[in-house]
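Participant: Sharing a sequence plus its predicted fold:
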Amino acid sequence: MTDDRLVLHGSFTSSSTYKPMLFLALAGLPFSFRTVNLKYGVQKQPEHLAINRYGQVPVLRHRGLTLVMSNVILDYLARTTGKFEAATEQDRWRAREWLSWENDAITNVARVRHFHRFRTVDPAVMDFFRPPAEAALDMIDKSLEGRQWLVGDSCTIADIGCWGRMVFMAEGGMSLDARPHARAWRDRLMAMPGFALPYDLIPKKDAELPA
Ligand SMILES: N[C@@H](CCC(=O)N[C@@H](CS)C(=O)NCC(=O)O)C(=O)O
């Protein structure tokens, strides 16, 4: 394997892994996938901590670089491939503004799903996180009124990042049913060549993905 090949470390249950994985699938880029089993705590073992100090997934390795944090990885992939990058400098910054916002706000959707699916938490914890999670989904819906994509006239890393973090919302009891603009946007994403949902896209084992 050459240093030029993209290597993504992640997990099939992880929305943060899905985000760069979806980028690569939509871009039709070949890459290697290395699975990190979160259930068994592999992300906290020294070998993984050596590439991600935070003990999390995803990690992207490429050309001697090691990148962590899904939005940093999306930024890197857009810069190095030119794909899903906005057309103007203003819009390129705006796409990154959405990614920064999603890390604050849509993360609450991921938290609610996480508590729902993987842990038993005090209902008060759910009561705390659910309103900002629903508000984040409302924000996406409102922002898409009268437009096809979050930034500019085509799909960018803003769309991939925001959609990717909310993808497991149904596992947390949330939906786009009453959010028509967000629903139409999701359908546009789903119609793109290469699109797949996480459980169909992310392998459970190490894999070599062709273009
Ligand atoms: N802000 C980080 C969040 C990464 C994250 O929360 N990863 C989760 C999976 S979605 C993880 O590795 N959890 C295991 C753990 O924290 O031990 C990103 O966007 O990459």
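Facilitator: Thanks, I have the structure now. Numbering: from 1, shown residues only.
Participant: Can you pull out the low-pLDDT segments for the chain?
Facilitator: The chain contains residues with pLDDT under 70 at 1-2.
Participant: Okay, domains of it per the record?
Facilitator: 6-83+195-209, 89-190 (automatic domain parsing).
Participant: what about those domains, which gets the closest to the ligand?
Facilitator: Checking those against the ligand by Cβ to the nearest ligand atom gives domain 6-83+195-209 as the closest, at 3.2 Å. For the C-beta atoms, the positions are set from N, CA and C on the backbone; glycine is no exception.
Participant: just checking, what packs against the longest helix seen in the chain?
Facilitator: Counting by DSSP state H, the longest helix found in the chain is helix 123-143. The contact analysis (3 or more Cβ pairs under 8 Å, 6 or more residues apart in numbering; DSSP states H and E) places helix 123-143 against helix 107-118, helix 157-166, helix 180-190.
Participant: what comes up buried for it?
Facilitator: Buried residues in helix 123-143, counting neighbours by 16 or more other Cβ atoms under 10 Å, are found at Met126, Phe129, Arg130, Pro132, Ala133, Glu134, Ala136, Leu137, Met139, Ile140, Asp141, Ser143.
Participant: Quick one: work out the angle between it and helix 107-118.
Facilitator: Per axes from the mean of the first three to the mean of the last three Cα atoms, to 10 degrees, the angle that helix 123-143 makes with helix 107-118 is 130 degrees.
Participant: could you check the angle helix 180-190 makes with helix 123-143?
Facilitator: 80 degrees.
Participant: What lies in contact with helix 123-143?
Facilitator: For helix 123-143, the external contacting residues (Cβ atoms under 8 Å, 6 or more residues apart in numbering) are 102, 105-106, 108-109, 111-112, 115-116, 150, 162, 166, 169, 172, 174, 176, 179-182, 185.
Participant: Keeping just the C-alphas, turn it into CSV.
Facilitator: Presented in CSV, the C-alpha positions along helix 123-143 are these (Å, rounded to 0.1, in the frame of the first residue of the first chain):
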residue,chain,number,x,y,z
PRO,A,123,-34.5,10.7,32.0
ALA,A,124,-33.4,14.2,33.1
VAL,A,125,-30.3,13.8,30.9
MET,A,126,-32.5,13.1,27.9
ASP,A,127,-34.7,16.0,28.8
PHE,A,128,-31.6,18.2,28.8
PHE,A,129,-30.3,17.2,25.4
ARG,A,130,-33.4,16.5,23.4
PRO,A,131,-34.6,20.2,23.0
PRO,A,132,-31.3,21.4,21.5
ALA,A,133,-31.2,18.3,19.3
GLU,A,134,-34.7,19.1,17.9
ALA,A,135,-33.7,22.7,17.6
ALA,A,136,-30.7,21.8,15.5
LEU,A,137,-33.0,19.8,13.1
ASP,A,138,-35.4,22.8,12.9
MET,A,139,-32.4,25.0,12.1
ILE,A,140,-31.4,22.8,9.2
ASP,A,141,-35.0,22.6,7.9
LYS,A,142,-35.5,26.4,8.1
SER,A,143,-32.2,27.1,6.4
